[in-house]
Structures are given as structure tokens and as C-alpha cells.
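Q: Here is the input, now give the coordinates:
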Amino acid sequence: MRIGVFGGSFNPPHAGHLTAARAFVKEIALDRLIVIPAGVPPHKRLEVFCTDEDRLNMTRLNFSSLGEKLIVSDMEIRREGKSYTVDTLRELKNGHPHDALFLYCGSDMLTTFDQWYEYKQILSLCTLCAMRRDGAPGFEKAADALSRVRLPVRIISSPYTVESSTAIRKALAEGRTPEGLLPEVAQYISERGIYLEQH
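A: A predicted model of the protein is given here:
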């Protein structure tokens, strides 16, 4: 089985995430996609604008159109301490020892991939898949550099999207209707009054 691993803060998830996930499933011919809301990311501060339960629920709503291929996992949220990608992959590999894992990596993250914790171990556990985004600074340079040192990267092409979780939160806090939210997610946010205030 070919299993894709698609992580993110999803605070909130939006249409751009779904577009990328669909391209990932199609181009890598995935049998299953595991979407994992981040726990405590080691590379950035996760702003707290909603609960982990809210992020999980919104993530399930956002990606539900992927159907039977989709699994939304709370494994990183349940994990204590900092959440490293290599730990997630080890846990998945233990549960799927005979399956091939494919890790989605946004082009902005690819440029610093060689600084990730135990990045070589990550590459021994999965195939790294990077999204090609027009205009992303340093993308081609990073991909070429990884290839030269024999760290293979599968490149995924997808329509360019401009959705941003940060911009969506800002719009909601200002009482504006943001673009990029799926109707189901927008309704969930509205019913619970999430993101009305930012600190």
C-alpha cells in the first residue's frame, strides 16, 4: 500500500490545503492519505486561537471529500513534548511495516529540509514529496541541492493557490468574510465563534 503523510497546523484548514492534498493523492497514486494536525511544531510557535479538538474537527470537515482514502490522525496532538516528523514516521512505519510512506513537504519547508531534526533518518523512512509552487523563493535551488547529495525528492505539480491560515484568522477577527474556507469549515467556525479575537 502507498500511504501519504500530510501534516500541518491546520489553524484553520482551507481550500489550498485540500487542493494540495488532491494533487498529492493523484500524482503519487496513493492508496491512503493520513492527514495529521501538528502537535507542538519544533520549528515554529503554534498560536493558540482554537482548541486541538476544534482543529481536528475542522480538518475532518476540510478533507472529507477525499472519501475512503482519508484518515485524520491525532497522533501528534496526543504526543507529549515537541513533535518531530521523524517520530511520526517511525510510529507510522511500525504500524505499516510493509507499506511505502510518502511525506508531503511544502516548497517553503523544502528550502530548510536539511535543518530538520534527523532529516537523513526521515529520508530512510519515506519518500519526500515537494509541491512545486510558482514564485516560491529558493525552491529549485533546494531541490537541486538535495538531488546532488543523493537525497531524492519527488516533485508534485498543483494549481497555485493563495489561501493563508494567517490571513483567514485576521479576516475573521476583523469581522470580514475570508476567502478560501470550505462552507463546512466556515459554518463550524461561525457556530463556535472561533478566531473572533486574536492575542
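
Q: okay, CA-based contacts and neighbour counts for the rest of this
A: OK.

Q: what about the protein, any weak spots by pLDDT?
A: For the chain, the stretches with pLDDT under 70 are 40-48, 108, 133-151, 159-160, 197-199.

Q: how does it look with 90?
A: 39-50, 79-83, 105-116, 120, 130-168, 170-179, 195-199 (pLDDT under 90).

Q: Please, where are all the helices along the protein?
A: Applying DSSP state H to the chain gives helices spanning 15-27, 52-63, 75-78, 85-95, 107-110, 119-125, 139-148, 165-173, 183-192.

Q: The last one to helix 165-173, inter-axis angle?
A: Following axes from the mean of the first three to the mean of the last three Cα atoms, to 10 degrees, one obtains 50 degrees for the angle between helix 183-192 and helix 165-173.

Q: And the contacts of helix 183-192?
A: Helix 183-192 is contacted from outside by 13, 14, 58, 61, 62, 195, using Cα atoms under 8 Å, 6 or more residues apart in numbering.

Q: Please compute how far it lies from its chain's middle.
A: 20 Å (Cα atoms, centre = their mean, to the nearest Å).

Q: Return the set of buried residues in it.
A: Residues 185, 186, 189 are the ones in helix 183-192 that count as buried (16 or more other Cα atoms under 10 Å).

Q: Generate TSV for these, with distance to residue 81 as supplementary columns.
A: Shown next, in TSV, are those (distance: Cα to Cα, whole Å):
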residue	distance to residue 81
185	28
186	31
189	28
